[in-house]
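Novice: the following block contains a protein sequence and its predicted model.
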Amino acid sequence: MQRVLTAVQMREAEKAAQEQHGMPSGLLMENAGRALAEAARSLAGPGGRFTVLCGPGNNGGDGLVAARFLLEGGARVVVSLVGDTGKLTPEAKRNLQALEGFGESPRAFEVLPEAGPGDVVVDALFGTGLKRAPEGVFADAIGTVARWRRAGAKVVAADVPSGLQSDTAEPFTPCVEADVTVAFGFVKPAHELEPGASLCGDVRRVDIGLGGESTRAVSGAELFRVEEKDARDALPKRRADSHKGTYGHVLVVAGSPGKTGAAAMVALAALRSGAGLVTVATRAEALPWVMAHSPEIMGVALPGEGPLGKGDLEALKAALEGKDALVMGPGIPRGPETGALIGDLLASMEVPAVLDADALNAVAEDLKVLRQAKGPVLLTPHPGEMARLWGRTTKDVQAHRVGVALNMATSLNVTVVLKGSRTLIAEAGGRVYINPTGNAGMATGGTGDVLSGVCGALLAQGIPLPRAARTAVYAHGLAGDLMAQQRGLMGLIATDLLVGLGHVWTRWER
Ligand SMILES: NC(=O)C1=CN([C@@H]2O[C@H](COP(=O)(O)OP(=O)(O)OC[C@H]3O[C@@H](n4cnc5c(N)ncnc54)[C@H](O)[C@@H]3O)[C@@H](O)[C@H]2O)[C@H](O)CC1
Ligand SMILES: [K+]
């Protein structure tokens, strides 16, 4: 599992590497600079010139080391120290002297030659130590980097594009936009969360000697990136002597007149994700429309009519008999009692429950009902639904995605999937996973219904909740990525994901 570290955690890891493993501090910078030089070299055209812009801290030091390696390799290199060179850190100062030993003295930023096609600009102004918006000569330098990039030069960022806040993935203005970002030791939130991730370009994580050992020393929230191998390895092997009962029975409580498609998409996604059996429970008038979508879908009519309320509890408990997972919410007829009904239902069941869409809006009125749950609970809000659960605006949610998801998960002892670009999976135990798959083509009605069906199917097959959520989110996004190649971002629709999921499972079953 790929860890994602904050700036403080990076410094703790660096300290641990030096104190516990005798890693000389200069060696970390040496390794970082060498990797930076290699990345820069990979982007240069024949005879291209390297312009290395160094800031006053260790990020600048990385740049000075990279410049030396590039010079050693016979490249044309110009270096500029931007800002108050008196403030150079000891490491950076040492590398400045080493560079001058190579006969290359840094030039004033203002007299640097223009960069263009075939050239490479190395952005080593700021890394994880950026504290405020770049101003003055730093802002000018960032503006010049943007101009050179528009003129055709490639930009390689050391550790983090300068101007981008490493921990929050929020850019100041101005901020470098890079073609490649070399992440030293560990990826940071800026590499994995939007809008930072898009400003980084291709993120290349490199080891610089901080080894896994030293991360034991780091404290704070545990942030990780979901890797394909981890997602895939959670899937149960299909034994020859298995039968449909082996793979669980999902109960889908979804749909209402005019929203029967939502229930069908949940059910079909569950079937397409390996569930042995799927039953949809919905009002009698909606049921035939749901079942008509596919002969594999079984149905139970919920007596009565109108919004789901306490009067539906007994029928739902009966429908839950013999089931291995519940998915509730997409398209349900919601009313004032629906939240309380969900609480009572959760209190009466042990199997895992996925709450999505209008089930989330129902419990948003009184989150305490979730505390009655006896079994594991997974919430799958999009930012708007999270805003209602949290009682703040969607903008607030998007500005604090990791914190909001983590707080909701730990305070309610549930797993939270906060959808959106780079969906987050937050666990009650304090770990947050960032999902790298998925694309803007999935911003279309029903994709959330499909995700909740995939979650329900994996849970019904006995995969423990946090892992099932990570695998479902990763597979759902990968299905979208594979299908966007055929349908286009514009043309992709939710039911395409049902086809895409087949491509994912065949890829993972190999
Ligand atoms: N931690 C590690 O394992 C390694 C880190 N390396 C590199 O070091 C940087 C972090 O270096 P640091 O000295 O902490 O800060 P920066 O170089 O990122 O920032 C420069 C310096 O500038 C000051 N500053 C911050 N904001 C502004 C601003 N807006 N205007 C002017 N000055 C500002 C502040 O004082 C900073 O200290 C990390 O990213 C890696 O690239 C090692 O080289 C490898 C191991
Ligand atoms: K940088």
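Specialist: Nice, I can see it. Ligands and ions are numbered 1, 2, ... in the order given.
Novice: my guess is Leu235 contacts Thr471, does it?
Specialist: Yes - the pair Leu235 and Thr471 passes the contact test of CB atoms under 8 Å, sitting 6.8 Å apart. Placement of C-beta: from N, CA and C, glycine included.
Novice: what about the helix or strand hosting Pro466, distance to the chain center?
Specialist: Element membership of Pro466, judged by DSSP states H and E, is helix 465-491. Chain-centre distance of helix 465-491: 13 Å, with CA atoms, centre = their mean, to the nearest Å.
Novice: same thing with stretch 303-321?
Specialist: With CA atoms, centre = their mean, you get 36 Å for stretch 303-321.
Novice: outline the domain layout of the chain.
Specialist: Described in terms of automatic domain parsing, the domain architecture of the chain consists of the residue ranges 2-219, 228-509.
Novice: tell me what the helix or strand encompassing Leu360 is packed against?
Specialist: With secondary structure defined by DSSP H and E, Leu360 is part of helix 358-364. Helix 358-364 sits against helix 338-347, helix 383-390, with contacts defined as 3 or more CB pairs under 8 Å, 6 or more residues apart in numbering; DSSP states H and E.
Novice: at 10 Å what do you get?
Specialist: strand 325-328, helix 338-347, strand 353-355, strand 377-379, helix 383-390 (3 or more CB pairs under 10 Å, 6 or more residues apart in numbering; DSSP states H and E).
Novice: average pLDDT across that helix?
Specialist: The average pLDDT for helix 358-364 rounds to 97.
Novice: what's around the residue lying closest to Gly185 once chain neighbours are set aside, how many residues?
Specialist: Nearest residue to Gly185, sequence neighbours excluded (CB to CB, 6 or more residues apart in numbering): Leu210, at 4.0 Å. Number of residues near Leu210 (other CB atoms under 10 Å) recorded here: 22.
Novice: hang on, the earlier thing: so which of the domains of the chain is nearest ligand 2?
Specialist: For these, proximity to ligand 2 was assessed by CB to the ion; domain 2-219 is nearest, at 4.3 Å.
Novice: compare the mean pLDDT across the domains of the chain and name the weakest.
Specialist: Across the domains of the chain, domain 2-219 gives the lowest mean pLDDT, at a mean of 92.
Novice: what distance separates that one from the centre of its chain?
Specialist: With CA atoms, centre = their mean as the basis, domain 2-219 stands 24 Å off its chain's centre.
Novice: can you tell me how far Val137 sits from ligand 1?
Specialist: Separation of Val137 from ligand 1 (CB to the nearest ligand atom, to the nearest Å): 9 Å.
Novice: and His293, by the same measure?
Specialist: Separation of His293 from ligand 1 (CB to the nearest ligand atom): 52 Å.
Novice: how near is the closest residue to that residue other than its chain neighbours to Ala443?
Specialist: Excluding the flanking residues, the one nearest His293 by CB to CB, 6+ apart is Ala264, at 3.8 Å. Going from Ala264 to Ala443 by CB to CB, to the nearest Å gives 20 Å.
Novice: of the two, who's got more company?
Specialist: Ala264 (26 against 13).
Novice: how many residues are close by Glu135?
Specialist: Close neighbours of Glu135, defined as other CB under 10 Å, add up to 10.
Novice: got the contact list for it?
Specialist: Shown in contact with Glu135 (CB atoms under 10 Å, 6 or more residues apart in numbering): 172, 174.
Novice: does the residue located most distally from the centre of the chain count as helix, strand or coil?
Specialist: Ranked by distance from the centre of the chain (CA atoms, centre = their mean), the top residue is Gly103, with 44.7 Å. Secondary structure, DSSP: H, G, I helix; E, B strand; the rest coil: Gly103 is coil.
Novice: hang on, it packs against Leu71?
Specialist: Yes - between Gly103 and Leu71 there is a contact under CB atoms under 10 Å: 8.2 Å.
Novice: give me the common contacts of Leu235 and Thr471.
Specialist: 273, 458, 463, 508.
Novice: first residue to last residue on stretch 184-193, what's the distance there?
Specialist: The first and last residues of stretch 184-193 sit 17 Å apart, counting by CA to CA, to the nearest Å.
Novice: look up the closest residue to Ser294, ignoring the ones flanking it.
Specialist: According to CB to CB, 6+ apart, the nearest residue to Ser294 is Leu268 (6.0 Å).
Novice: whoops, I mixed them up, Ala7
Specialist: Nearest non-adjacent residue to Ala7, counting by CB to CB, 6+ apart: Thr128, 3.8 Å away.
Novice: any idea how far that neighbour is from ligand 1?
Specialist: Going from Thr128 to ligand 1 by CB to the nearest ligand atom gives 4 Å.
Novice: so what's that residue up against?
Specialist: Taking CB under 10 Å, 6+ apart, one finds 5-11, 57-59, 159-160, 165-167, 184, 188, 190 in contact with Thr128.
Novice: rerun that using 8 Å as the cut-off
Specialist: Residues in contact with Thr128, defined by CB atoms under 8 Å, 6 or more residues apart in numbering, are 7, 10, 59, 159-160, 166, 188.
Novice: same check on Val137?
Specialist: By CB under 8 Å, 6+ apart, the residues touching Val137 are 82-83, 109.
Novice: most neighbours among the contacts of Thr128, which one?
Specialist: Val160 leads the contacts of Thr128 on contacts (other CB under 10 Å) with 34 neighbours.
Novice: flag every residue of the chain that's near ligand 1.
Specialist: Counting by CB under 6 Å from any ligand atom, the residues of the chain close to ligand 1 are 10-11, 13-14, 28-29, 32, 55-62, 89, 126-134, 138, 158-160, 184-185, 208, 210.
Novice: Thr393 and Met386, how far apart?
Specialist: 11 Å.
Novice: out of those two, which sits in the busier spot?
Specialist: Each of Thr393 and Met386 has its neighbours counted (other CB under 10 Å); Met386 has more, 27 against 12.
Novice: does that one really touch Ala399, like I thought?
Specialist: No - Met386 is not in contact with Ala399 according to CB under 8 Å; the separation is 12.0 Å.
Novice: so the residue nearest to the spatial centre of the chain bridges to which residues?
Specialist: Compute the mean C-alpha point of the chain, and by CA atoms, centre = their mean the closest residue is Ile434, 2.8 Å away. Beta-bridge pairing for Ile434 (DSSP bridges): Arg225, Leu424.
Novice: residues contacting His476?
Specialist: Listed by CB under 8 Å, 6+ apart, the contact partners of His476 are 437-438, 447, 450-451, 454, 497, 501.
Novice: next one: the nearest residue to Gly245 once chain neighbours are set aside from Gly152, what distance?
Specialist: With sequence-adjacent residues excluded and distances taken as CB to CB, 6+ apart, Gly245 is closest to Gly276, at 5.8 Å. From Gly276 across to Gly152, the span is 57 Å (CB to CB).
Novice: cool, and Gly477?
Specialist: 33 Å.
Novice: quick one, which of the two is more surrounded?
Specialist: More neighbours surround Gly477 than the other of Gly477 and Gly152, with 26 against 12 (other CB under 10 Å).
Novice: quick check, the more buried one in contact with Thr423.
Specialist: Yes - counting by CB under 8 Å, Thr423 is a contact partner of Gly477 at 7.0 Å.
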